[in-house]
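Visitor: Here is a sequence together with a model predicted from it:
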Amino acid sequence: MATSTLPATKPASRSSIGLKLLMAATGLIFVGYVLLHAYGNLMVLGGADTFNAYAHHLRTFGEPMLPYGGLLWIVRIVLLVSLVLHAYSAITLWGRANSARSTRYAVKKNVGSTLASRTMRYGGLALLLFVVFHILHLTTHTIHPQGEQPTPYANVVNSFDKWWLVLIYVCAVLALAFHLFHGVWSAAQTLGLTSTAASRARAKLVAHFVGALVATAFLIPPLAILFGIVE
Amino acid sequence: MKLTLKIWRQDGPRARGELKTYAVDDISEDMSFLEMLDVLNERLNAKGEEPIAFDSDCREGICGMCGLMISGEAHGPEKTTTCQLHMRSFRDGETITVEPWRADAFPIIRDLVVDRSAFDRIIQAGGFISVNTGAAPEANAAPVPKPHADRAFMAAECIGCGACVAACPNASGMLFMGAKVTHLGELPQGQPERAKRVQAMVATHDGAGFGGCTNIGECSHACPKGIPLDVISQLNSDLRKSASGRF
């Protein structure tokens, strides 16, 4: 076989590691966001006044330096840019991985990896679909099985007294937890923070803790509403 | 032992390949996997059939030539190379599928033999240190702290067999490259070229058609030398820091 003398084509920023760094950095932005979002959701346990005040406060946050709803729009723009970059790098690397093995094995065992790690791409696509549904449901109210509601609290409570809507959200939260189990540790590894066995074990522990924490915090409000603890 | 073998047969790089089934008996469980294939080849020869082409060299687990995908696991079910895998690791009557490493960066030459020279090109791109020729330098001139020496030796255990690429769902060569970057990066002699090394190796790796890493860990599990995932973190860290050159 002849040795290829072709010059390397990709600069470091667009190398597979550069794309992974992009995915890790934007992923950590999402982790920060879901932690805050999950915390905010718990306000529903405080009753109508607490939750409605929280929803109102989100929009007046930073006034008068920011316009009404200014913070929300800043967060939305940051999230949208992160989403585009996260998905772009994921899809580019997915494509490269596919062309790196165009002939599959007849028999292949996965013995050294977790199910969470092998389902990142499909889980990510599922989460993307859910995010679209979630925005159409509780942000724009385009989909409103709960009917037109006067307050954010009524909107949430009258949504999650429907078992099938709770089921969709529970599935999405479990998919998110699964994505975080691998994603948080993977981000640490990609950023090069896990160069010893101890730091690797620590990163995995943190990933499991973050995944479990986010899942628990997200699951409490809809389940509490479904079972009538919050009315 | 009696075995049913499904072995990938392919006449040449561009030929269409297929899995062919061979029944073998009278196999001793003390044979290595390669000796079992030798026996099969002798019988094929005696029948006037074309023997199965596979790679092997040292047959003592240190050269990295003999990679085979055995029933879906690189180098088979034990943590060792194919030459050091013995038939006692299999059950009597078992069906074993034998395939070559599957990666577009490792094109098949014939049957189970693949061209792993993409690894050589990665080494040519940066897996070296430059030293002036002449008298050997005084041995104690560049002291190496024990933990650094140990880690360099651990990474230097890599024999470049390609099991990491074979086991990786993305056919990524990051464990191999991480081992080289860690090995040289731990030593004082590796420092002057550290930034250039990681950039050139990563660019060559990507250019050769290997996939990216998703940190799932199949590579490390398949590695006959047990190179840990730490080295990929080191590789990522070195690439991230290579822009500033401050490691």
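Guide: Perfect, thanks for sending it.

Visitor: Please see if stretch A:122-133 touches chain B.
Guide: No - applying CB under 8 Å from any CB of the partner chain, one finds that stretch A:122-133 is not in contact with chain B, the shortest distance being 11.2 Å. No exception for glycine: its C-beta is placed from N, CA and C like everyone else's.

Visitor: B:Asp104 is in contact with A:Ala100, isn't it?
Guide: Yes - between B:Asp104 and A:Ala100 there is a contact at 5.7 Å, judged by CB atoms under 8 Å.

Visitor: just how off-centre is stretch B:93-105 within its chain?
Guide: 14 Å (CA atoms, centre = their mean, to the nearest Å).

Visitor: For chain A, tell me whether that stretch is touching it.
Guide: Yes - judged by CB under 8 Å from any CB, stretch B:93-105 and chain A are in contact via B:97, B:99, B:102-105.

Visitor: In these, find the pair that's most separated.
Guide: Greatest spatial distance among the residues of stretch B:93-105 next to chain A (CB to CB): B:Thr97 and B:Ala105, at 22.2 Å.

Visitor: count of neighbours near A:His137?
Guide: By other CB atoms under 10 Å in any protein chain shown, 20 other residues sit near A:His137.

Visitor: ignore the last one, B:Met154
Guide: For B:Met154, the count of nearby residues is 19 (other CB under 10 Å).

Visitor: hang on, it is in a helix, isn't it?
Guide: Yes - counting by DSSP: H, G, I helix; E, B strand; the rest coil, B:Met154 is located in a helix.

Visitor: can you pull the contacts of A:Leu219?
Guide: Going by CB atoms under 8 Å, 6 or more residues apart in numbering or on different chains, A:Leu219 touches A:170, A:173.

Visitor: ok, residue 51 - contacts?
Guide: Let's take chain A. Contacts for A:Phe51 were tallied using CB under 8 Å, 6+ apart; they are A:43-44, A:152-153, A:156.

Visitor: To clarify, I was referring to chain B.
Guide: With CB under 8 Å, 6+ apart, B:Pro51 has these contacts: B:41, B:44-45.

Visitor: low-scoring stretches of chain A, by residue?
Guide: Applying pLDDT under 70 to chain A flags the ranges A:1-11.

Visitor: And the strands in it?
Guide: Assigned strands in chain A: none (criterion: DSSP state E).

Visitor: If we go by neighbour counts, what in stretch B:121-138 is buried?
Guide: By neighbour count on 16 or more other CB atoms under 10 Å in any protein chain shown, the buried set for stretch B:121-138 is B:121-123, B:125-127.

Visitor: So which of these are in helices?
Guide: B:121-123, B:125-126 (DSSP state H).

Visitor: For A:Leu72, grab the count of nearby residues.
Guide: 14.

Visitor: ignore the last one, B:Arg246
Guide: 7.

Visitor: Is it in a helix, a strand, or coil?
Guide: coil.

Visitor: repeat for B:Ala23
Guide: Going by three-state DSSP: B:Ala23 is strand.

Visitor: Show me chain B divided up by domain.
Guide: B:3-109, B:116-130+B:142-241 (automatic domain parsing).

Visitor: So which of these is the most surrounded?
Guide: Most buried of the domains of chain B by mean neighbour count (mean count of other CB atoms under 10 Å in any protein chain shown) is domain B:116-130+B:142-241; its value is a mean of 22.
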